[in-house]
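Trainee: Sharing a model prediction with you, sequence too.
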Amino acid sequence: MEKAEKEQKVIAVVVTYNRLSLLTACLQALRSNSPQAIIVVDNGCTDGTSEWLDTQSDLHVIHQQNVGGSGGFHRGMSEAMLLGADWIWCMDDDVKPHPDCLARLLPYTVGSGAGILAPRRLMEGQVFTNDFRRYNLCNPFASMYQDRLKGQSIDGPTPIAGTAFEGLFVSRQVVEKIGLPNKDLFIFCDDTDYCLRAHLAGFGLLYIPEALMDKKRFFSKESWAEKQQKKKWKRSYQVRNSTYLNHHYGRNWSVRHIRGLLNLMGYLVIILFTAPVSRAYKWRDALPLIRAYRSGIREELGPIQL
């Protein structure tokens, strides 16, 4: 017999890296939701976060080298399973669940048929979502993410196919069947990969709009060039991991090879036209992206040498 709602053991997993002020706000909000345990994965912080965490007696703290978000959730979810979690509540340090967020999620842990629940995220009071209803694994000229919830009026629980690790609420049964997140992705697409694996394994995913979390906005006052410079090192992961997803899960040759190539070409065009007139990119920035595409096609994952 399924456990009743009040008997569900919920363990939260927070992955953090050098954002102590955000982490403290996240944990303060998380504590108000009263999960049975909170695991914090310190991904090699160097800003005083590690020392501060060691003073928090109510947390299960894991210190490790920086293995990216995917490696952090891999380790944290593994620990949550060992601690007997029925549901694992995953989040980065830049989100804050509202005081009743967990209470709004719990009714759907029994009887809904869902293995993954997704709260609604707000940014500066406005709905912020990259959740979507369908995967496109057949047409290389259309996005993998179809029927996005962004811009739609969603008032009640809604079936989805994918969400982010920003509040992802996953059942023990899902982890037992499909395993842990792919730690070799490092950052980007790890949540898509995990949701797709759950979807293909037959689990339902449910978007719960009454369960609210706030998400921090970054780089709002910076110029486009400044934003691109800060994000530049991440582009190789975006290209490689999206190429990997399409190559690994694509249902025909064109998706497995062309969609990732189109994504790469989009970045190369940006470099081509902006390198002469902007400090955002230089010509040499094209080579790491080309190598990243090749690694994605070959399904060679792990940290990228930048």
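Mentor: Received, thanks.
Trainee: any weak-confidence spans in the stretch 201-306 of the chain?
Mentor: 218-232, 306 (pLDDT under 70).
Trainee: Please, which helix or strand holds the residue nearest to Ser295 when sequence neighbours are not counted?
Mentor: Distances taken as CB to CB, 6 or more residues apart in numbering place Arg240 nearest to Ser295, at 5.0 Å, with adjacent residues excluded. C-beta coordinates here come from the backbone N, C-alpha and C atoms, glycine included. Applying DSSP states H and E as the criterion places Arg240 in helix 224-249.
Trainee: I'd like the next helix or strand past that helix.
Mentor: helix 253-254.
Trainee: List the buried residues in the following helix or strand past that next one.
Mentor: With elements assigned by DSSP H and E, the helix or strand that comes after helix 253-254 is helix 260-274. Neighbour counts over helix 260-274 (16 or more other CB atoms under 10 Å) mark Gly260, Leu261, Asn263, Leu264, Tyr267, Leu268, Ile270, Ile271, Thr274 as buried.
Trainee: Repeat that for stretch 286-299.
Mentor: Ala286, Pro288, Leu289, Ala292, Tyr293, Ser295, Gly296, Ile297.
Trainee: What is the nearest of those to Pro157?
Mentor: Gly296 (34.7 Å; CB to CB).
Trainee: Where does the closest one sit: helix, strand or coil?
Mentor: helix (DSSP: H, G, I helix; E, B strand; the rest coil).
Trainee: Now do the contacts for it.
Mentor: Gly296 makes contacts with Val239, Arg240, Asn241, Ser242, Thr243, Tyr244, Asn246, His247, Gly260, as judged by CB atoms under 8 Å, 6 or more residues apart in numbering.
Trainee: Quick check on these: which are buried?
Mentor: Using 16+ other CB under 10 Å, the buried ones in these are Val239, Arg240, Asn241, Ser242, Thr243, Tyr244, Asn246, His247, Gly260.
Trainee: Which of those residues sits closest to His199?
Mentor: Asn246 (15.7 Å).
Trainee: Give me the distance between the closest one and Leu196.
Mentor: According to CB to CB, to the nearest Å, Asn246 and Leu196 sit 11 Å apart.
Trainee: what does Tyr17 give?
Mentor: 25 Å.
Trainee: same question, Asp86
Mentor: 23 Å.
Trainee: All set, thanks.
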